[in-house]
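Colleague: for reference, the sequence and a predicted model appear below.
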Protein chains: 2
Amino acid sequence: MLNGTELKLFADAHVLDEMTDKQVRILLAAIEVFAEKGYANASTKEIANKADVAEGNIFSKYKNKRGLLNAIINPVIHSIFPAVLSDFNDASPIQSNYVTLHSFVDTVLRDRVQFLKENSAVLKIFVSELLYNNDVRVKLMQQFPTSYWKNINHNLNVLKENHLMVDWENTEILKLMWSVVSGMIVGYLLFNQPLESKEINHCIDALVKALSR
Amino acid sequence: MLNGTELKLFADAHVLDEMTDKQVRILLAAIEVFAEKGYANASTKEIANKADVAEGNIFSKYKNKRGLLNAIINPVIHSIFPAVLSDFNDASPIQSNYVTLHSFVDTVLRDRVQFLKENSAVLKIFVSELLYNNDVRVKLMQQFPTSYWKNINHNLNVLKENHLMVDWENTEILKLMWSVVSGMIVGYLLFNQPLESKEINHCIDALVKALSR
DNA sequence: CAATTGTTTGAGTATTTACTCACTCAATTA
DNA sequence: TAATTGAGTGAGTAAATACTCAAACAATTG
């Protein structure tokens, strides 16, 4: 049930460092149960059972049930915005000044579709929390500009200056791109619609046309 | 807190017929509390308090807490897909054969943005349920083709035949439109971003360009 | 081995919560 | 007025659940 690559997110965030076997199992079981029934309907007892661990062990690592949830959500907040955009900076083979609209859209879209597909369980937990937890929303908003804003801002501005792109606010452009990615992922995850490369290509073409000047 | 027009959805679905004052108050209070803290974290006691009603009264109208939830969600399932599309059928002043891509996108987008804005509380409850309740997803999928599929299918086919639109599957086209609407609504409802007509116009233009041939 | 440190256990507890049911009250009808 | 009906009440109950804590256990160190 749980996507195998899902652990990578936590390994990268060094969440697993100095964790015992049982503690890692608790984390994985929590992801699985939270994603299946939702945080509020998931009992710590069920998580402990699935992890093959005593219930009390959960609370020796985490202050409470919410602490366990935060351990799952925090890495998502810090990686939901694409790090791949650094590929467009000066050190990269693709020079930012010469980036085309198509290569920009193509890179970002594929990268995020891949990321969301690979982390679907934690994503579901995250989205659910986003709906009702204002703290998570605020944290996400704070993460947005610090993570990649300068870089992406620069790229968009260059494209606009070269008249290769519509003259919208950058936030509008990014929101449209996020919408398209989200739409595909929702269809895939919730409605079992296949995520074929044909559709991804269609969406990339659509976005390029939509954002072209 | 609760959008005043929200009741219209239930009046239209004749949910309120033969309901007493107190029962209507229960429904409204439930919408408010469910939307604020989520179904699982909402206690029937709090709903009863907010409705200024004895707790037991909830269970004389509804079999259980989930029955109350269903009474809220069902009307959404039956109205989430745009009824406005009947404006495009033969009886309408806008003849379906002469509809332009722009008028199509414009009408559908504005109508759904309006609908979602006006029903934001129930929408939130509905989306949350969509995440974890497969029954609701199935019901929604069943509703999709029966409600307006023929009509919209015809319109899209005509546009495609006249080479006014890309030759994608109709489901792809509609998914893209839904994605754009959803993105705007999410920004508006969760992140307090204003929903200015400038942005709506941008999105309409973007979609028209994206879907043009 | 002895001592120490940190991990794991799981029975026990306090609290919350959905739901019941015997009853009251108000309105309508005979 | 008396009888009937159905909405409304709210104290009470059984079950679920997050969290505690004292004890057991394992691993490492002196």
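Modeller: Arrived safely, thanks for sending.
Colleague: next secondary structure after the helix or strand where residue A:189 lies?
Modeller: Following DSSP states H and E, the helix or strand that holds residue A:189 is helix A:170-190. Of the helices and strands lying after helix A:170-190 in sequence (DSSP H and E), the nearest is helix A:197-211.
Colleague: the helix holding residue A:189 near chain B at all?
Modeller: Yes: part of helix A:170-190 sits near chain B under the criterion CB under 8 Å from any CB of the partner chain, namely A:171, A:172, A:175, A:176, A:178, A:179, A:180, A:182, A:183, A:184, A:187, A:190. C-beta coordinates here come from the backbone N, C-alpha and C atoms, glycine included.
Colleague: the nearest residue to the first one once chain neighbours are set aside and DNA strand C, how far apart?
Modeller: Computed as CB to CB, 6 or more residues apart in numbering or on different chains, the closest residue to residue A:171 that is not its neighbour in sequence is residue B:193, at 8.0 Å. To DNA strand C, residue B:193 is 32 Å away according to CB to the nearest atom of the strand, to the nearest Å.
Colleague: any regions of chain A where pLDDT drops low?
Modeller: For chain A, the stretches flagged by pLDDT under 70 are A:1, A:83-98, A:147.
Colleague: how about a cut-off of 50?
Modeller: A:89-96 (pLDDT under 50).
Colleague: what's the single longest helix in it?
Modeller: Longest helix in chain A by number of residues, with DSSP state H as the criterion: helix A:134-161.
Colleague: list the buried ones in that helix?
Modeller: For helix A:134-161, a neighbour-count test (16 or more other CB atoms under 10 Å in any protein chain shown) marks A:136-137, A:139-140, A:143-144, A:147-149, A:151-152, A:154-156, A:158-160 as buried.
Colleague: what helices and strands are in contact with that helix?
Modeller: helix A:65-79, helix A:101-118, helix A:120-132, helix A:170-190 (3 or more CB pairs under 8 Å, 6 or more residues apart in numbering or on different chains; DSSP states H and E).
Colleague: burial count for residue A:114?
Modeller: Applying other CB atoms under 10 Å in any protein chain shown, we find 13 residues neighbouring residue A:114.
Colleague: residue A:181 now?
Modeller: The burial count assigned to residue A:181 is 23, neighbours taken as other CB under 10 Å.
Colleague: since we're on the residue nearest to it when sequence neighbours are not counted, how many residues are nearby?
Modeller: Computed as CB to CB, 6+ apart, the closest residue to residue A:181 that is not its neighbour in sequence is residue A:112, at 4.9 Å. Residue neighbour count, defined by other CB under 10 Å, stands at 21 for residue A:112.
Colleague: same question, residue A:10
Modeller: Based on other CB under 10 Å, the number of other residues close to residue A:10 is 21.
Colleague: for DNA strand D, what are the nearby residues on chain A?
Modeller: Taking CB under 7 Å from any atom of the strand as the contact definition, chain A meets DNA strand D at A:41, A:42, A:43, A:44, A:45, A:55, A:56, A:59, A:60, A:64, A:65, A:66.
Colleague: could I have the buried ones of the residues of helix A:170-190 next to chain B as PyMOL selection syntax?
Modeller: Selection command for PyMOL covering only the buried members of the residues of helix A:170-190 next to chain B, criterion 16+ other CB under 10 Å:
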select buried, chain A and resi 172+175+176+178+179+180+182+183+184+187+190
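Colleague: ok, so of the residues of helix A:170-190 next to chain B, who is nearest DNA strand C?
Modeller: residue A:190 (25.3 Å; CB to the nearest atom of the strand).
Colleague: gap between that closest one and residue B:133?
Modeller: Counting by CB to CB, to the nearest Å, the separation of residue A:190 from residue B:133 is 10 Å.
Colleague: what's near enough to touch residue A:185?
Modeller: With contacts defined as CB atoms under 8 Å, 6 or more residues apart in numbering or on different chains, the neighbours of residue A:185 are A:113, A:116, A:117, A:120, A:123, A:195.
Colleague: sorry, that was for residue A:82
Modeller: Neighbour list for residue A:82: A:108, A:111, A:112, A:115, A:148 [criterion: CB under 8 Å, 6+ apart].
Colleague: distance of the fourth one relative to residue A:69?
Modeller: This means residue A:115. The spacing between residue A:115 and residue A:69, counted by CB to CB, is 21 Å.
Colleague: phi first, then psi, for the most centrally placed residue in chain A.
Modeller: Central residue check for chain A by CA atoms, centre = their mean: the C-alpha nearest the mean position is that of residue A:80, 3.2 Å away. The phi and psi torsions at residue A:80 (degrees, to the nearest 10) take the values phi -70, psi -30.
Colleague: any idea how far chain B is from it?
Modeller: In this structure, residue A:80 lies at 14 Å from chain B, with CB to the nearest CB, to the nearest Å as the measure.
Colleague: try residue A:99
Modeller: Applying CB to the nearest CB to residue A:99 and chain B gives a distance of 20 Å.
Colleague: looks like that residue contacts residue A:156 (just checking).
Modeller: No: using CB atoms under 8 Å, residue A:99 and residue A:156 do not qualify as a contacting pair, with a distance of 9.9 Å.
Colleague: pull up the distance across stretch A:59-73, start to finish.
Modeller: 18 Å (CA to CA, to the nearest Å).
Colleague: residues from chain A in reach of DNA strand C?
Modeller: Counting by CB under 7 Å from any atom of the strand, the residues of chain A close to DNA strand C are A:20, A:21, A:22, A:23, A:53, A:54, A:55, A:56, A:57, A:60, A:61.
Colleague: mind checking which helix or strand the fifth one is in?
Modeller: Taking DSSP H and E as the definition, one finds residue A:53 inside no helix or strand.
Colleague: surely residue A:166 meets residue A:211?
Modeller: Yes: in terms of CB under 8 Å, residue A:166 counts as a neighbour of residue A:211; the distance is 5.5 Å.
Colleague: now do the shared contacts for those two.
Modeller: In terms of CB under 8 Å, 6+ apart, residue A:166 and residue A:211 are both contacted by the residues A:173, B:206.
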